[in-house]
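Asker: Would you be able to build a 3D model of this:
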Amino acid sequence: MPFHKINLVLICTFLFIQVQSQQPTIKLLESGKRVSIRGLSVVNDNTIWASGSNGSVAISTNGGNTFTWITIPGYEKRDFRDIEAFDENTAIIMAVDEPAIMLKTIDGGKNWKKVFEDNTKGMFLDAMDFADAKHGMVIGDPIGDEIYGATTKDGGETWQKWKTPIKVKETGEAFFASSGTNLVHSKQGLFFVSGGRQSNLYQLGDDIMEPIPVLKGGSSTGANSIAYSNANRKGMIVGGDFSKDTISRSNAVLFQYTKKHISFTIPNTPPHGYRSCVIYLDENTLLTCGTSGMDISKDGGMNWQLIGKESFHVCQKAKKGTSVFLAGSNGRIAQLINP
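Answerer: The predicted model follows:
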């Protein structure tokens, strides 16, 4: 083979290896426990909280090198589907159904205080989100035709039900407690997404509701997660059909909110299956995960690349930091290594 052709082959091989080495990878930190984790909150690069089934909470204060697992006495059969952590000592967890409860700790999980309880028939909480250390909101499935919502202004110590309930458009519209991420605070107000027979995007502030162009019509279809970038005033919604989790059509949509108007854009290349959680890593880079794998987008959500077929329910980036973690079934907690 001529020398110049050998050089060309070597250069192409080097570039291929370099590109491959720059692809995101997953580092498994924990696995093997009989816990399904759907709640994840990353305070900073060192402090990680996770919550899930069997009354379980996991805490790491060293960046995921080790985790301390807690089973909360008296709540061993409860499923804590969401968690919001504020530091290495303070966190709130949410158990979803009758009675719906929230517990708070201020001593790193050693002791828990009940700060919310609702025994209403049909109660099912789905997710909570905090705008800051004091102001937060929790959302739940409709009771009758009214969406359940409650707010706190004191860091979750007390909660008040919405004074003016929002009504769903039709029977069978509800929310998914798949990752605790179907509502998000933004500078443009609170956004939250529904699924089921109908899938809508709600904006609380200007009281806007718009149908989302995703799979809908069945009990397992619709939007599951929403993320928002204040920097570019754009957001991302993911979902699909969790009973058919490899379907990659109508499972994601971008949206923009301007002057009380919501516009949607369909990705050119969607995520590769049902996705239960989506987050922004920066203004242009997003990560999404679900039971059939994980995808990353580096162009604001227009094109998605499959980076692994491992199953995870939830992903979160450090509120103050750069580390990114994922969690799912069998007590699995992992870190995204993103060159």
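
Asker: Okay, and the beta partners of Asp82?
Answerer: Beta bridges link Asp82 to Met94, judged by DSSP bridges.

Asker: OK, contacts around it?
Answerer: 38-39, 51, 93-94, 125-128, 177, 180 (C-beta atoms under 8 Å, 6 or more residues apart in numbering). (Glycine included, C-beta is placed from N, CA and C.)

Asker: Quick check: it vs Gly222, distance?
Answerer: As for Asp82, its distance to Gly222 is 18 Å (criterion: C-beta to C-beta, to the nearest Å).

Asker: Next: Asp118.
Answerer: Using C-beta to C-beta, Asp118 is found at 24 Å from Gly222.

Asker: In terms of neighbours, single out the busier of the two.
Answerer: Taking neighbours as other C-beta atoms under 10 Å, Asp118 and Gly222 compare with Gly222 leading, 30 against 18.

Asker: Mind telling me what element that one is part of?
Answerer: Assigned by DSSP states H and E, Gly222 belongs to strand 221-229.

Asker: May I see the buried residues of that strand?
Answerer: For strand 221-229, the neighbour count (16 or more other C-beta atoms under 10 Å) marks 221-229 as buried.

Asker: Rounded mean pLDDT for that strand, please.
Answerer: Strand 221-229 shows a mean pLDDT of 97 in the predicted model.

Asker: For Trp162, list the residues it contacts.
Answerer: Here Trp162 is in contact with 147-151 (criterion: C-beta under 8 Å, 6+ apart).

Asker: From Gly144, how far off is Gly109?
Answerer: Going from Gly109 to Gly144 by C-beta to C-beta gives 36 Å.

Asker: Among these two, which residue is more densely surrounded?
Answerer: Legend: neighbour count by other C-beta under 10 Å for Gly109 and Gly144, higher for Gly109 (21 against 10).

Asker: Tell me the secondary structure of that one, please.
Answerer: Taken by DSSP: H, G, I helix; E, B strand; the rest coil, the conformation at Gly109 corresponds to coil.

Asker: My guess is it contacts Ile59. True?
Answerer: Yes - look at Gly109 against Ile59 with C-beta atoms under 8 Å: they come within range, at 5.7 Å.

Asker: Where does Ser51 sit: helix, strand or coil?
Answerer: Following three-state DSSP, Ser51 is assigned to strand.

Asker: actually Asn330, sorry about that
Answerer: Secondary structure state of Asn330, per three-state DSSP, is helix.

Asker: Surely it touches Arg34?
Answerer: Yes - the pair Asn330 / Arg34 is scored as a contact, 7.3 Å apart, by C-beta under 8 Å.

Asker: So which bits of stretch 206-224 are buried?
Answerer: So, applying 16+ other C-beta under 10 Å, buried residues of stretch 206-224: 208, 212, 214-216, 220-224.
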